[in-house]
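J.: got a sequence here, can you model it:
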Amino acid sequence: MDSQNLKQRIKDEPGVTAAKTGDNRPRRDKRMVMAKRGLRSLAVAVAFPLSLTLLNIYLFGSSHHGYATLRKPSWFPPLWLIHGTCMTTSFLMGLSAWLVWAEGGFHKNPTALSLYLAQLGLSLAWEIVVFRIGASWAGLVVCLATFGSLAGCSKVFRQMNPIAGDLVKPCLAWAAFLAVVNLKLVFI
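T.: Residues are numbered from 1 along each chain as shown. As a prediction, the model looks like this:
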């Protein structure tokens, strides 16, 4: 290669970025478009499970079967705390699923999506089974299945993105606590 015929690349030369990228927009504009697309996908990933949880709370959360009127131990959480924590776990799971999706994890390992959707469906079903139907035994089974799917999510998500795996840990702790509460509800 003849080094005397090489041109020095000038940073502000407009033809260099257009020739390399095939687009006339500067690189900064392309990064802004990608950032906006990322923020939109993050908003959808978080809003979807949150809106389902809010709808679930609105439609089935107020117990007509008397969770509020049950004689329960002092360590039982009030209904508003259960609903608030369920919304928090929905947010965390949506965020962790987005992190996995951003890494391409749902295409690399489709089990991750299956586990995420399973835990989402089971966590929504738990409130209906326990608060609306009043079936504590079935609620315990659903809660344990939720814990299992969350454990699977934690393991699979950690392989794709360690932060996503760590975001599942508070959800696991909440599911374990709900299993203990649900077990106590069975024997009240």
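J.: the longest helix in this protein is where?
T.: helix 27-56 (DSSP state H).
J.: the nearest residue in space to residue 54 that is not next to it in sequence - how many residues pack around it?
T.: Nearest non-adjacent residue to residue 54, counting by C-beta to C-beta, 6 or more residues apart in numbering: residue 87, 6.9 Å away. Where you see a C-beta, it was placed from the backbone N, CA and C, and this is true even at glycine. Other residues near residue 87 come to 16 when the count uses other C-beta atoms under 10 Å.
J.: now for residue 87: which residues touch it?
T.: If you count contacts by C-beta atoms under 8 Å, 6 or more residues apart in numbering, residue 87 has them with 50, 53, 54, 57.
J.: now do the third one against residue 29, distance only.
T.: Distance, residue 54 to residue 29, by C-beta to C-beta, to the nearest Å: 36 Å.
J.: neighbour-wise, which of these two wins?
T.: When residue 54 and residue 29 are compared for neighbours, residue 54 comes out ahead with 16 against 11, by other C-beta under 10 Å.
J.: can you read off the pLDDT for that one?
T.: According to the per-residue confidence, residue 54 scores 94 in pLDDT.
J.: which strands or helices does the longest helix of the chain pack on?
T.: When contacts are defined as 3 or more C-beta pairs under 8 Å, 6 or more residues apart in numbering; DSSP states H and E, helix 27-56 sits against helix 14-21, helix 79-102, helix 110-127.
J.: weakest of the ones you listed in terms of mean pLDDT?
T.: Among the helices and strands packed on helix 27-56, helix 14-21 scores lowest, at a mean of 50.
J.: quick one: mean pLDDT for whatever helix or strand residue 177 lives in?
T.: With the criterion set as DSSP states H and E, the secondary-structure element containing residue 177 is helix 169-186. For helix 169-186, mean pLDDT is 93.
J.: among the contacts of residue 87, which two are most distant?
T.: 50 and 57 (10.5 Å; C-beta to C-beta).
J.: those two - which one has more neighbours?
T.: More neighbours sit around residue 57 than around the other of residue 50 and residue 57, counting by other C-beta under 10 Å; the figures are 20 against 16.
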